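Undergrad: I'd like to go over a predicted model; first the sequence, then the structure.
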Amino acid sequence: MTREKQVWTVHTLVKISVLGVISFVLTFFKTPVWFTLPFLKLDIADVPSLLGAFAMGPVTGIWVPLIKNLLNVVVEGTVTNGIGELTNFLVGSVMAYTAGWVYKRNRTFKGALLGLGLGVISMTVFATLNNHFVMFPLYGKVFGIDRDTLVSLASAGNGLVADYTALLLFSIVPFNLLKGLAASVVAVLVYKRLSPVLKG
Amino acid sequence: MISGGIIVGQYYPVRSLVHSLDPRAKILISMVFMVILFVGNNFYAFAVTGTFAVLAVTLSRIPWKVLVRGLRPIAFIMSFTLVLHLLLTPGQVIFQIGPIKATLPGLIQGIFIALRLIILIMFTSLLTLTTSPIELTDGLEDILKPFSRIGVPAHEIAMMMTIALRFIPTLLEEADRIMKAQMARGADFESGNMFQRAKSLVPLLVPLFVSAFRRADELAMAMEARCYRGGEGRTRMRQLSLSAKDYYALGLTIVMSALVIYTRVRFGPVIPRGTV
């Protein structure tokens, strides 16, 4: 119990940093996806956050993406004025926190799958709403890209994107589902082998 | 992709006035600049902000070549918006090829947005070009400190960042080594569909995590052995202090901001509201 209360032990501190770095390193392995906006890239950088949220509690699922995105800004600089990084942080931490929260209450393989499923869904819902209400308008302000521009950018690769609603449904939603799914699959594949190391 | 000798980071180490400014002052100036750039709504404002940015770049002794290279990732999106604005904005037609019409307000609007984006990216990339990641982290800690009252763990975030920064090269090297080792055993990281590629990263991830956590454990023990116990009463090797030049830079920023606000009040938007 006393160990539970003491959130910032040296070990937690160092482990979160390392998970953040691995997450940052994994962003180098990214691929663009044909059906969505050119600046959305698919990577599995959410794997360390998911593993952290499973092994060390849901809150770790927020710190890891925070460190990853801060590293990104501090080391690589930002071309989106931090908008891209902020989105990535929020979306990533919603998924990892949800997954970790469910797994904490049901520590079985099924619980993990349920957590990941809910994580992916809540991330997709959050990302879509966030894009609609905050990010697209913000991008519009900063880059002068309005909705129509976004639609035509996406429709270049994806014929289904005819209007703005279609952009959200056929481009943003599948992108986030795919991103969450890819990270979840990898997390499931490696978690059992790594959990003793992560908790140690 | 990670291949031999990947260069991570933007920091461009030369000696200059801008490099020697306090990171806190630089972060603050960058934030003010970002806001002020969007307060300015006409070309007079760009004359002010542009001059400020050019002055900063010149004083930083960063070659223009490097800054222009930083614009490359947005070049596509920028030209795309420029063309769309040019073609889709209604108004006086300047030239016409078949059904495609380019309009004067479209041209002005397009140039306006492109120019703003160029100034923005140039100035903000100057921050990471002239300030090392570790300095930025130190600055960030001080800027976040007031928020620790409402529960933001400023010191912990900065400490995690510092540790993370130290680990980046190590883990990149490690990832590279493991990848080569697995490739020598016949692993394939390049082909297959997205899921196969994600799966192919498993033999990279497992050893990477294991070795990273071994290092983390050693570091944590070393820190405990040296009695690390959080930010309370901790002293620093690099002490931040504001000097005269930081105050001059901040003063200049205030003057620049005032000028931009003046142009906004005096001249109004580049294209009057309601005409586009």
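TA: Sure thing, it's come through.
Undergrad: drop to CA atoms for contacts and neighbour counts, all remaining ones
TA: Noted.
Undergrad: Centre-most residue in the chain?
TA: This is for chain A. By Cα atoms, centre = their mean, chain A has its centre lying nearest to residue A:92, at 2.5 Å.
Undergrad: before we move on, what SS does that residue have?
TA: Counting by DSSP: H, G, I helix; E, B strand; the rest coil, the backbone at residue A:92 sits in helix.
Undergrad: just checking, it touches residue A:47?
TA: No: between residue A:92 and residue A:47 there is no contact under Cα atoms under 8 Å: 9.9 Å.
Undergrad: Show me the helices in the chain, by range?
TA: If you meant another chain, say so; for now it's chain A. A:2-5, A:10-26, A:46-56, A:60-71, A:83-105, A:109-130, A:136-143, A:147-155, A:164-167, A:173-199 (DSSP state H).
Undergrad: look at chain B instead
TA: B:17-20, B:23-39, B:43-60, B:64-88, B:104-130, B:133-144, B:154-184, B:194-200, B:202-225, B:244-267.
Undergrad: what about residue B:248, how many residues close to it?
TA: Residues near residue B:248, counting by other Cα atoms under 10 Å in any protein chain shown, number 11.
Undergrad: Relative to chain A, how far out is it?
TA: 25 Å (Cα to the nearest Cα, to the nearest Å).
Undergrad: pLDDT at that residue, what is it?
TA: Listed pLDDT for residue B:248 reads 96.
Undergrad: and the residue nearest to the centre of chain A, what is it in contact with?
TA: A:46, A:49, A:62, A:65, A:123 (Cα atoms under 8 Å, 6 or more residues apart in numbering or on different chains).
Undergrad: if we can go back for a sec, output the helices of chain B as JSON lines; include the columns distance to residue A:149.
TA: Shown next, in JSON lines, are those (distance: least, Cα to Cα, whole Å):
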{"stretch": "helix B:17-20", "distance to residue A:149": "37"}
{"stretch": "helix B:23-39", "distance to residue A:149": "20"}
{"stretch": "helix B:43-60", "distance to residue A:149": "24"}
{"stretch": "helix B:64-88", "distance to residue A:149": "7"}
{"stretch": "helix B:104-130", "distance to residue A:149": "13"}
{"stretch": "helix B:133-144", "distance to residue A:149": "35"}
{"stretch": "helix B:154-184", "distance to residue A:149": "37"}
{"stretch": "helix B:194-200", "distance to residue A:149": "28"}
{"stretch": "helix B:202-225", "distance to residue A:149": "38"}
{"stretch": "helix B:244-267", "distance to residue A:149": "27"}
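Undergrad: Check the ones you listed for me: which has the lowest mean pLDDT.
TA: Among the helices of chain B, helix B:194-200 has the lowest mean pLDDT, at a mean of 76.
Undergrad: Quick one: residues in contact with it.
TA: With Cα under 8 Å, 6+ apart as the criterion, helix B:194-200 contacts A:44, A:182, A:185-186, B:187-191.
Undergrad: how far away is the residue of the stretch 1-150 of chain B found nearest chain A from residue B:175?
TA: In the stretch 1-150 of chain B, the residue that lies nearest chain A is residue B:9 (4.6 Å; Cα to the nearest Cα). The gap separating residue B:9 from residue B:175 is 17 Å, by Cα to Cα, to the nearest Å.
Undergrad: And these two? Which one has more around it.
TA: Set side by side, residue B:9 and residue B:175 show more neighbours around residue B:175, with 24 against 17, by other Cα under 10 Å.
Undergrad: so who does the more buried one touch?
TA: Neighbour list for residue B:175: B:204, B:208 [criterion: Cα under 8 Å, 6+ apart].
Undergrad: one more time with 7 Å, if that's ok
TA: residue B:208 (Cα atoms under 7 Å, 6 or more residues apart in numbering or on different chains).
Undergrad: Any figure for the gap between it and residue B:250?
TA: To residue B:250, residue B:175 is 42 Å away according to Cα to Cα.
Undergrad: Make TSV from the helices of chain A and add distance to residue B:85 and mean pLDDT to it.
TA: Formatted as TSV, the helices of chain A follow (distance: least, Cα to Cα, whole Å; pLDDT from 0 to 100):
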stretch	distance to residue B:85	mean pLDDT
helix A:2-5	56	39
helix A:10-26	36	93
helix A:46-56	36	95
helix A:60-71	32	95
helix A:83-105	22	94
helix A:109-130	26	96
helix A:136-143	12	79
helix A:147-155	9	78
helix A:164-167	18	85
helix A:173-199	27	91
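Undergrad: looking at the ones you listed, which is closest to residue B:83?
TA: Of all the helices of chain A, helix A:147-155 sits nearest to residue B:83, with 10.3 Å by Cα to Cα.
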